[in-house]
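Q: I would like to see how this sequence folds:
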Amino acid sequence: MKEQWIKIDPHVHSKAISRCSHVTCEQIIEEKIRMGYGGAILTNHCQAWYYPESEHKAYVEEVLADFQRGKAYAETKGFRFYLGLEVSLMQPHYADWLLYGITEEFLRNTPCLYTLSQKELFELCQESGVLLIQAHPYRQTPGDPAYMHGVEINCSDGDLDKIPLVETFAAEHGLLVTCGTDYHAPSRTYHGGIYVPAWCETAADIAKYMREEGEIRVFYGGTEKSFSIKV
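A: Residues are numbered from 1 along each chain as shown. Take a look at the predicted model:
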C-alpha cells in the first residue's frame with residue numbers, strides 16, 4: 001500500500017503566547033487549510049524577556065492551554081495540530097531553537113529551558129527523544145553542530161537567499177534539514193514546510209519518523225527537495 005503523506009508547516013506562532021504574532025491558533029489553522037496544508041507545529045516562544053525564571057511553570061501551563069484550544073479547533077477541521085516550542089538561548093551566543101517531539105510531560109518536568117546552554121539543551125533533548133533544530137540559523141550565527149540535530153530552511157522572504165548556506169552547513173556536518181515559514185501574521189504568508197507520513201498523530205511521532213528514517217522532504221515556493229541523514 002502506498003504511503004500517505006501530509007504537508008505541514010513546522011514553524012508557526014500564535015498571539016496568545018508569542019507577543020510578536022498577530023494571529024490566533026484558529027486563524028493559523030484556517031490559513032493553513034486555505035493554502036493546502038494538512039497540519040502545523042505550534043512553536044511558540046520561550047524567551048527570557050517574556051517572563052522570569054521563577055514563573056516558568058505558570059508559563060508552561062499558558063503554552064499548553066493555548067495549544068489545547070488550538071488542537072480542539074483543529075480536530076473539528078480534520079487538521080493536524082502538533083505541540084512544539086521555540087527556545088531562545090544566550091549561551092554560547094544568541095540563537096533560536098525549535099524543539100520537535102516534545103510532550104506536555106516534557107515541558108512540565110524540565111527546567112526553565114531558556115536558562116540552558118546549547119549543549120545542555122541538546123543533552124536534555126537527546127535523553128527525551130526530542131529533536132533540536134536551529135531556526136533560521138543565518139539570521140544569527142550557526143550554533144555548534146555537535147550539539148544539534150538539524151537546521152531550518154526558513155522560507156520567509158528575508159531568508160530565501162540564505163538557503164544555500166543552510167544546505168551547505170547541514171551537508172558539512174551531517175545534519176537534518178527542515179523547512180518552515182515562521183508564520184506570525186496574514187501579511188507575511190509564505191508557502192513552505194515538510195511532508196510527514198499520515199501515521200504521525202503526535203509531535204513525538206514526527207520526531208521518531210525524522211530520527212529513524214533520516215530523510216525529510218521539504219518544499220518552499222515551487223521547489224521540493226529531500227535531505228537524508230541518520231541521527
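Q: Residues contacting the helix ranked longest in the chain, please?
A: The helix spanning the most residues in the chain, taking DSSP state H as the definition, is helix 56-77. Outside helix 56-77, the residues within contact range by C-beta atoms under 8 Å, 6 or more residues apart in numbering are 14, 16-17, 24-26, 28-30, 33, 42, 44, 46, 50-51, 80-81, 83, 85, 104, 107-108, 111-112. All C-beta atoms are positioned from the backbone trio N, CA, C, and that covers glycine.
Q: so where's this structure uncertain?
A: Low-confidence regions of the chain, defined by pLDDT under 70, span residues 1-2, 230-231.
Q: all strands for it, in order.
A: When secondary structure is read from DSSP state E, the chain shows strands at 5-12, 39-42, 45-46, 80-89, 95-100, 131-134, 150-154, 176-180, 192-197, 215-220, 223-228.
Q: Kindly reformat these as TSV containing mean neighbour count and distance to residue 60.
A: Listed next are the strands of the chain as TSV, based on neighbours: other C-beta atoms under 10 Å; distance: least, C-beta to C-beta, whole Å:
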stretch	mean neighbour count	distance to residue 60
strand 5-12	24	19
strand 39-42	27	14
strand 45-46	22	9
strand 80-89	24	10
strand 95-100	25	13
strand 131-134	26	18
strand 150-154	26	23
strand 176-180	26	22
strand 192-197	22	25
strand 215-220	19	28
strand 223-228	13	32
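Q: Output the ones you listed as a markdown table; include the columns distance to residue 67.
A: Formatted as a markdown table, the strands of the chain follow (distance: least, C-beta to C-beta, whole Å):
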| stretch | distance to residue 67 |
| --- | --- |
| strand 5-12 | 11 |
| strand 39-42 | 5 |
| strand 45-46 | 13 |
| strand 80-89 | 5 |
| strand 95-100 | 13 |
| strand 131-134 | 18 |
| strand 150-154 | 20 |
| strand 176-180 | 17 |
| strand 192-197 | 18 |
| strand 215-220 | 23 |
| strand 223-228 | 28 |
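Q: before we move on, the earlier item: the contacts of helix 56-77, buried ones only, as a PyMOL selection?
A: Paste this into PyMOL to select the buried members of the contacts of helix 56-77, with burial taken from 16 or more other C-beta atoms under 10 Å:
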select buried, resi 14+16+17+24+25+26+28+29+33+42+44+46+80+81+83+85+107+112
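Q: Restricted to helices, list the contacts of helix 56-77.
A: Short answer: these in helices (DSSP H) are 25, 26, 28, 29, 30, 33, 104, 107, 108.
Q: and the last one, how far is that from residue 210?
A: With distances taken as C-beta to C-beta, to the nearest Å, residue 108 is found 24 Å from residue 210.
Q: ok, now the first one?
A: Noted for residue 25: a distance of 24 Å to residue 210, by C-beta to C-beta.
Q: returning to what we had before: reformat the ones in helices among the contacts of helix 56-77 as JSON lines; add distance to residue 179.
A: Formatted as JSON lines, the ones in helices among the contacts of helix 56-77 follow (distance: C-beta to C-beta, whole Å):
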{"residue": "25", "distance to residue 179": "21"}
{"residue": "26", "distance to residue 179": "24"}
{"residue": "28", "distance to residue 179": "17"}
{"residue": "29", "distance to residue 179": "19"}
{"residue": "30", "distance to residue 179": "22"}
{"residue": "33", "distance to residue 179": "19"}
{"residue": "104", "distance to residue 179": "26"}
{"residue": "107", "distance to residue 179": "24"}
{"residue": "108", "distance to residue 179": "29"}
